[in-house]
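Build me a structure from this.
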Amino acid sequence: MEKNRTIFYRWYGPALLAGFLLTLTFPTFNIFPLAWVALVPLLLFLYDSDRKTSFKAGFLFGVIYFFGTTYWIYHSINKYGNFSFIPSLFIVLLLCLYLSLYPALFSYLYSSFIKRMDIPSLFLAPVLWTTLEFFRSYALSGFPWSSLGYSQYLFQPLIQIADITGVYGVSFLIVAVNGALTDALLMKRKHKERPLASFLPTYSGLILLALTLVMSFVYGFYRLYQHREGHAVKVAVIQGNIEQDKKWDPSYQQSVLSTFRDISFAAAQEAPHLIVWPETSAPFLFGDDKELTSQLLSFEQQLNSYLLFGSVLLRNTETVKGYTNSAVLLDKNGNITYIYDKIHLVPFGEYVPLKPLLFFVNTLGAGIGDYVPGNSYIKAVTPFGSFGTLICYEIIFPGLVRKFFVRGGDFMVTITNDAWFGTTQGPYQHFSMAVFRAIENRKPVVRAANTGISGFIDSNGRIIGKTELFRRTYMVKEIRTDATVSPYTKYGDIFSYLNIVCFLLLLVGKRK
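Numbers count the residues shown, from 1 in each chain. Model (predicted):
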């Protein structure tokens, strides 16, 4: 038994270590410098391993990495999905087992290519990793959570390149540095066996990587201190801190509405242009419940500000029919000037995919399911600027967010309800990902969350204000709009597509 344990740690200890180190780079640990060295133990191990062992090691690494960064999903399944603690953890583990297939495939391919094709790790590893990370972001509805680049949301000078490459460019650089360190360690081991000239591609790669990092920092500081055209807009975010299990109770409707009304009146004393309530903050079907709708419209006319709020709507248009998770904008006179219907719905939360096959999970979406998606990337147009609205986890999809701003825009608003995840790391990670949407599109972000974290992020990704979790409060800040149409907004994921081309060339080259 002791011998087997020793063999396990000797063979798979590097994978365990790498997975553990990477979990420490994400909120709330935020030890982000670790990401630049965390993969080195795994890459060194893969160099000396066969493909079967590499696949196992990558899979084990993935289980540690993804469970460490997404364990908090159990909270909503456990508390609101009618599953006990152990089964809810098991469901999260099943998700992690799927996600772990991506680093397992990365490890398998890396082990296959690194010796046979003699490609330096600093080239090979980031191409493989970034391509698979991009695929994971879109496959099967997409799950871009825990993308490596997000670990660097506090590293402002470096992540400014995201307005060209998206978050995937930051992931690429992190893995490239890990690959370069791996190459350096391998060179030291192999220099007696091979002539110095054989290391020329590695030396050239190290120089190119160093230049790329220098250029990234120069570009980052340039963007951080660049003056860009824009104007000031004062916005208030309202954090009602409504208990999730009481939110839809009819006996609490007046209480919920009164809470948001009272906090909004307090915020209105600072004369904001716009007041923002969280996702589904109206505890009724707006437009269908005539009495409560009338109360809300009457209240809005007293604010002397525009009001954006989340609501469930019963829609019956040519393109959208059914219940939608929507954002509604009222002007100072209580007129509806804008409605956005959420496009990317949450699987198993707002709808059940493959419902005929997965009939047994219907109860997981009880009370929040059966929504239909919207289909229009519409922006609100107001006297103080235009903005797109992202609802809940739409903010984590770079390709979706950019579509709101390809023809310009001034800022973005995201409304959410992270009460599902309690005081776990989930709300902190969700907030941190909005930093990249601000940089990618050069648009300040206004975030209103039911229980937090609410706050403001400028167009350089700097957090200029945020609330604490589970506080009934509001925050008013002046944001500066940004008229920039960034390269990422204009051209999308070209950087990732180039990675995919290189990935395919590697596959073709291996077969020859």
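
At the geometric centre of this structure, which residue sits there?
A centroid search over the chain (CA atoms, centre = their mean) returns residue 396, at 3.1 Å, as the residue closest to the centre.

excluding its backbone neighbours, what's nearest it?
For residue 396, ignoring the flanking residues on the chain, the nearest one in space by CB to CB, 6 or more residues apart in numbering is residue 433 at 5.0 Å. No exception for glycine: its C-beta is placed from N, CA and C like everyone else's.

elements contacting whichever helix or strand that neighbour is part of?
Using DSSP states H and E, residue 433 sits within helix 426-441. If you count contacts as 3 or more CB pairs under 8 Å, 6 or more residues apart in numbering; DSSP states H and E, helix 426-441 packs onto helix 156-159, helix 162-165, helix 167-190, helix 398-402, strand 411-416, strand 445-449, strand 455-457, helix 487-491.

Which secondary structure elements does the fifth one sit against?
Using 3+ CB pairs under 8 Å, 6+ apart as the contact test, the elements touching strand 411-416 are strand 306-316, strand 385-391, helix 426-441, strand 445-449.

follow-up on the earlier one: need the contact list for the residue nearest to the centre of the chain.
144, 145, 430, 433 (CB atoms under 8 Å, 6 or more residues apart in numbering).

ranges for the strands of the stretch 151-300 of the chain?
With DSSP state E, counting those that start in this stretch as the criterion, the stretch 151-300 of the chain has strands at 232-239, 274-276.

Parallel or antiparallel, which strands does the shortest one pair with?
Next to strand 274-276 in the sheet, as set by DSSP bridges, lie strand 232-239 (parallel), strand 306-316 (parallel).

Give me the distance between the first one and the centre of its chain.
The chain centroid and the centroid of strand 232-239 are separated by 22 Å under CA atoms, centre = their mean, to the nearest Å.

buried sites along that strand?
By neighbour count with 16 or more other CB atoms under 10 Å, strand 232-239 contains the buried residues 233, 235, 236, 237, 238, 239.

which regions of the protein sit below the pLDDT cut-off?
For the chain, the stretches with pLDDT under 70 are 1-11, 189-199, 354-369, 510-512.

one more time with 80
Residues of the chain meeting the criterion pLDDT under 80: 1-11, 80-82, 115-118, 188-203, 244-248, 318, 348-370, 509-512.

quick one, domains of it?
What automatic domain parsing lists as the domains of the chain is 2-226+493-511, 232-483.

follow-up on the earlier one: what would the helices and strands packed on strand 411-416 look like in JSON lines with mean neighbour count?
As requested, those are exported to JSON lines (neighbours: other CB atoms under 10 Å):
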{"stretch": "strand 306-316", "mean neighbour count": "20"}
{"stretch": "strand 385-391", "mean neighbour count": "24"}
{"stretch": "helix 426-441", "mean neighbour count": "25"}
{"stretch": "strand 445-449", "mean neighbour count": "28"}
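
Ok, which of those comes nearest residue 157?
Of all the helices and strands packed on strand 411-416, helix 426-441 sits nearest to residue 157, with 11.6 Å by CB to CB.

and that closest one, C-alpha only, in CSV?
Output of helix 426-441 as CSV, limited to C-alpha atoms (Å, rounded to 0.1, in the frame of the first residue of the first chain):
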residue,chain,number,x,y,z
GLY,A,426,-18.6,32.6,-6.8
PRO,A,427,-19.7,36.2,-6.6
TYR,A,428,-16.1,37.4,-6.3
GLN,A,429,-15.1,35.5,-9.4
HIS,A,430,-18.2,36.7,-11.3
PHE,A,431,-17.3,40.3,-10.5
SER,A,432,-13.7,39.9,-11.5
MET,A,433,-14.6,38.6,-15.0
ALA,A,434,-16.3,41.9,-15.7
VAL,A,435,-12.9,43.6,-15.6
PHE,A,436,-12.0,42.0,-18.8
ARG,A,437,-15.2,42.9,-20.6
ALA,A,438,-14.4,46.6,-19.7
ILE,A,439,-10.9,46.3,-21.2
GLU,A,440,-11.8,44.3,-24.2
ASN,A,441,-14.5,46.8,-25.3
